[in-house]
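S.K.: Provided below are the primary sequence and the corresponding predicted coordinates.
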Amino acid sequence: MDNQSTMEECGASQPLNLCHVQTKACILNRAHALLHSLALLYLIHYRLSHLIFLLAQNGGTAAPIIFWLLIFSAELLLSFMWLLGAAFGWRPVRRTVFPERLPGAEELPAIDVFICTTDPEKEPTLGVMNTVLSAMALDYPPEKLNVYVSDDGGFSETLSGLREAASFAKTWIPFCRTYGITCGCPQAYFSDQEDQLPPDNIFIEERRKIQKGYELFKANILKGRDNKSSSSLYHDGEAGTSKDHTSLIEVMDDDIGPNGRVMPLLAYVAREKRASHPHHFKAGALNVLLRVSGIMSNSPYILVLDCDMYCNDRSSAKQSMCFHLDPKTSQSSFAFVQFPQRFHNISKNDIYDSQLRSTFNVLWPGQDGLQGPVLSGTGFYVKREALYHAPSFPQDMSEVRALYGRSNVFIAKLQQGYKLEGFISLPCSLQDEARSLASCTYEEETKWGQEVGFMYGSVVEDFLTSLHRLHRQGWTSVYLDPPRPQFLGNGATSLNDLLVQGTRWSSGLVDVALSKYTPLKYDISSKMSLLQSMCYSLIALMPFYCLPLWCFATIPQLCLLNDVALYPQVSTSWNFITFIFIFLSSTLKFLQEVLSTGGSIQAWINETRIWMIKAVTCHLYGTLDAVLKKIGYREASFMPTNKALDEEQVKLYHAGKFNFQASDMLVGPLVFVVTLNVISLVFGSARALFFNDWDRMFIQICMSFYVTIMSWPVIEAMLIRKDQGRIGFEVTLKWVGLCLGGLLLGSVLIRPV
Ligand SMILES: O=c1ccn([C@@H]2O[C@H](COP(=O)(O)OP(=O)(O)O[C@H]3O[C@H](CO)[C@@H](O)[C@H](O)[C@H]3O)[C@@H](O)[C@H]2O)c(=O)[nH]1
Ligand SMILES: [Mn+2]
């Protein structure tokens, strides 16, 4: 911990949590922001005055001015985004918790866990069941833990897997409790070579027995897979498809001991799906779970997990309660505790930055010092109340129905608040009610997805819900990043998966940026601070990095080839120094940030490179997708990230080699950009050498050089590599051709013949 950090006590004499402001980082970030802003102002001044000069020079053709304006616009957009990003550095904090100070089990509030899955091909059932088991094994009173699994595809494979999991849990959970096992995920626990516990004969014997049980469980799950049961839908023998089926809800058999429930409740929920009704992807699934759990356990707190995010530590529930039960943070406006998404399959080199280092090590701690981090889809404990409508419940029944729908049982539960009712089962009368709550017509003419529950309208439902439902309404959140990762998921480790996921995120973010909920419009009357709005704005605008980056990767190069200078000469010292300063200042600040959050120089290079790759591919496609949706040319879609591992692909990733076995549309733009930069570097420097023109063209030559060296993996994959991950000859040929065509066209534009 930073020695200089100040401590703010968040509780009374024995606080449940502490908040440490990172004073050193605050000072450094603010000083840098000031200096960098001054340099940017100087740049704008230079560009504007030069523009006037260019326009006054009547002799020049319009084309160079257009390129010049494009570069200036790119600089302005990048500067604006940089300014928004400075908000993250304003007041970063870290938090620690003291779960040992929590009240006894009888005083702990109940928790519902929501786990979403949708496709056993991409989300293998064994992995999903491991997540389920790890959630059931959380260190929490079993009668206060209820696990709901939403199976969006309605696959029998998932349902039978869940039955197997319920049965295996009967030995696994007592084992975890008796021996105080840290990791409640059996697959991870048994693959871990070192056991922290002293070798004790009884324990070893017990462990062996459980491991055997696990192997059997695993075999049964894999058998279910081989039977190809995934193709048939389970529903009272009724056939259906993953996109068209009725709802099905099943509570796994409950183990009730003389003193109440000894195992957490486990329920399977497949909502109804019909082609004629939009199902709103994960947000739709979560809203169904909110309602179904609402008439069953109705716990005041909810943990949401993606199906691949297992609990790596059994203590997260109690850690989160250190905020929810803290007299200071538990005030009515506190909504959720967000844990970082960490991944179990990250290689040391992490060429694709699959771990999203900057998001979880820099951005979220930064926002935590403002109003709290963005809800990140998985690994958060949220107050149920925060997801419902306004704090005051409408008096008029018709108003209530207009918000929450027609279910009287659900409304009664809402009105009654969240009281633990002991054991909750699903009697027959409630079965029908639950199925109706999970039907695809239930939400018609209600405010679900708009004013109630997770929000619809963007595939980044977490971001939109967080922005509009929570922080904008004055709710706050905290970010808890303890040394041991509490949740571990599957990071995207192939370029294709990464860019497909990136395209979806970009599309979802631009949806929000262009919608009526846009964070860019700052409303002074909203309950969100300006700094917090700046953070949201930057995230929503991130896909727009594609615009400046495409400009910087093509225009200076094209102009270099055509002898058009876009930047100040080396000899105009101050102007030149300003540009160099801005480049170095942002690059070195980023390096400092990487190094201070445990990264290496290699990580700094990798992250810069993948940022550039994402900008020219998935950010661009995501933005286009969102724009096409906006004008009605496309429909929203959600392609789940692949969690089934491909051995070849994993090998390449661990060897630190890019795998360009990806769609043409994703690899092509990289070939295009690299070709253009290599050509302009070669011809541009040759000409500079020949005519002794370095002074005018120095910055443009440097830019071509920078893009070329950063793109070395692409060049290597085009020309040298022979393995599976190389770039195919046809792809190279096609995109090199396109690049040459583009060059020709660009040159004609600059110098019309
Ligand atoms: O129609 C759908 C689509 C997805 N999911 C589930 O949503 C989760 C996230 O999907 P995934 O394919 O893993 O997407 P990622 O891009 O890896 O997920 C990130 O981004 C999502 C928003 O795009 C967030 O919801 C996630 O929490 C966040 O981890 C998974 O459990 C899916 O099973 C559904 O339940 N129904
Ligand atoms: Mn995922």
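M.R.: Cool, got the structure. Ligands and ions are numbered 1, 2, ... in the order given.

S.K.: For the residue of the stretch 201-350 of the chain found nearest ligand 2, which residues are in contact?
M.R.: Closest approach between the stretch 201-350 of the chain and ligand 2, counting by C-beta to the ion: Asp306, at 4.8 Å. (Each C-beta comes from the backbone N, C-alpha and C, glycine too.) By C-beta atoms under 8 Å, 6 or more residues apart in numbering, Asp306 lies in contact with 115-116, 131, 377-378, 489.

S.K.: repeat that with 7 Å
M.R.: Shown in contact with Asp306 (C-beta atoms under 7 Å, 6 or more residues apart in numbering): 116, 377-378, 489.

S.K.: which of these has the most neighbours?
M.R.: The residue in the contacts of Asp306 with the most neighbours, by other C-beta atoms under 10 Å, is Cys116 (27 neighbours).

S.K.: Next, it: secondary structure please.
M.R.: Judged by DSSP: H, G, I helix; E, B strand; the rest coil, the three-state class of Cys116 is strand.

S.K.: Surely it is in contact with Ala285?
M.R.: Yes: between Cys116 and Ala285 there is a contact under C-beta atoms under 7 Å: 5.0 Å.

S.K.: overlap in contacts of the two?
M.R.: In contact with both Cys116 and Ala285: 150, 152, using C-beta under 7 Å, 6+ apart.

S.K.: one step back: tell me which entries of the contacts of Asp306 lie within strands.
M.R.: Counting by DSSP state E, the contacts of Asp306 place 116, 489 in strands.

S.K.: now the contacts of Asp306 as a markdown table including distance to Arg384 and pLDDT?
M.R.: Shown next, in a markdown table, are the contacts of Asp306 (distance: C-beta to C-beta, whole Å; pLDDT from 0 to 100):
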| residue | distance to Arg384 | pLDDT |
| --- | --- | --- |
| Cys116 | 17 | 98 |
| Gly377 | 18 | 96 |
| Thr378 | 17 | 97 |
| Gly489 | 24 | 97 |
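
S.K.: ok, back up a step: who does the residue of the stretch 201-350 of the chain closest to ligand 2 form a beta bridge with?
M.R.: Cys116 (DSSP bridges).

S.K.: Just the pLDDT at it, thanks.
M.R.: Here the pLDDT value assigned to Asp306 is 98.

S.K.: Then the one 4 residues further on?
M.R.: At Tyr310 the predicted local confidence, pLDDT, stands at 98.

S.K.: Just list the residues touching the residue of the chain found nearest ligand 1, thanks.
M.R.: As assessed by C-beta to the nearest ligand atom, ligand 1 sits closest to Gly377 within the chain, at 1.9 Å. Gly377 is in contact with 306, 462, counting by C-beta under 7 Å, 6+ apart.

S.K.: do you know how far it is from Thr641?
M.R.: 11 Å (C-beta to C-beta, to the nearest Å).

S.K.: swap in Phe380?
M.R.: 19 Å.

S.K.: Which residue of those two possesses the greater neighbour count?
M.R.: Each of Phe380 and Thr641 has its neighbours counted (other C-beta under 10 Å); Phe380 has more, 25 against 17.

S.K.: I'd assumed Val337 was in contact with that one.
M.R.: Yes: in this structure, Phe380 is within contact of Val337 by C-beta under 7 Å, at 6.4 Å.

S.K.: For burial, what's the neighbour tally of Leu628?
M.R.: Neighbour tally, Leu628, other C-beta under 10 Å: 13.

S.K.: Break the protein into its domains for me.
M.R.: Under the assignment the TED database, the domains of the chain span 27-90+539-750, 110-491.

S.K.: Contacts only, for Tyr388.
M.R.: 414, 452.

S.K.: Got the phi and psi for it?
M.R.: Per-residue torsions, Tyr388: phi -80, psi -170 (degrees, to the nearest 10).

S.K.: again with Val147
M.R.: Main-chain torsions, Val147, degrees, to the nearest 10: phi -110, psi 120.

S.K.: Could you dump the contacts of Asp306 into a markdown table with distance to ligand 2 added?
M.R.: What follows is those, written out as a markdown table (distance: C-beta to the ion, whole Å):
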| residue | distance to ligand 2 |
| --- | --- |
| Cys116 | 10 |
| Gly377 | 8 |
| Thr378 | 7 |
| Gly489 | 6 |
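
S.K.: Quickly name whichever of the contacts of Asp306 is closest to Ser571.
M.R.: The nearest member of these to Ser571, counting by C-beta to C-beta, is Gly377 at 52.3 Å.

S.K.: For that closest one, what are phi and psi?
M.R.: phi 80, psi -40.

S.K.: any idea how far it is from Thr465?
M.R.: Taking C-beta to C-beta as the measure, Gly377 falls 10 Å from Thr465.

S.K.: Please apply the same query to Val21.
M.R.: Val21 is 28 Å from Thr465, by C-beta to C-beta.

S.K.: Have a look at the two and say which one is more surrounded.
M.R.: Taking other C-beta under 10 Å, Val21 and Thr465 do not tie; Thr465 has more neighbours (25 against 18).

S.K.: Need the three-state assignment for that one.
M.R.: helix.

S.K.: dump the residue contacts of it.
M.R.: Contacts here follow C-beta under 7 Å, 6+ apart; on that basis Thr465 touches 375, 454-455.

S.K.: And Asp350, by the same measure?
M.R.: Contacts of Asp350 (C-beta under 7 Å, 6+ apart): 603, 606.

S.K.: ok, now Val400?
M.R.: Taking C-beta under 7 Å, 6+ apart as the test, what Val400 contacts is 394, 411.

S.K.: which phi and psi does it have?
M.R.: Note on Val400: its backbone torsions stand at phi -60, psi -40 [degrees, to the nearest 10].

S.K.: so what pLDDT did it get?
M.R.: 90.

S.K.: and Leu356, what are its phi and psi?
M.R.: Main-chain dihedrals, Leu356, degrees, to the nearest 10: phi 50, psi 50.

S.K.: That should have said Ala335, apologies.
M.R.: phi -100, psi -50.

S.K.: so what's it up against?
M.R.: By C-beta under 7 Å, 6+ apart, the neighbours of Ala335 are 382-383, 386, 470, 475-477.

S.K.: Residues of the stretch 251-400 of the chain that sit close to ligand 2?
M.R.: Applying C-beta under 5 Å from the ion, we find that the stretch 251-400 of the chain lies next to ligand 2 at Asp306.

S.K.: Okay then, goodbye and thanks.
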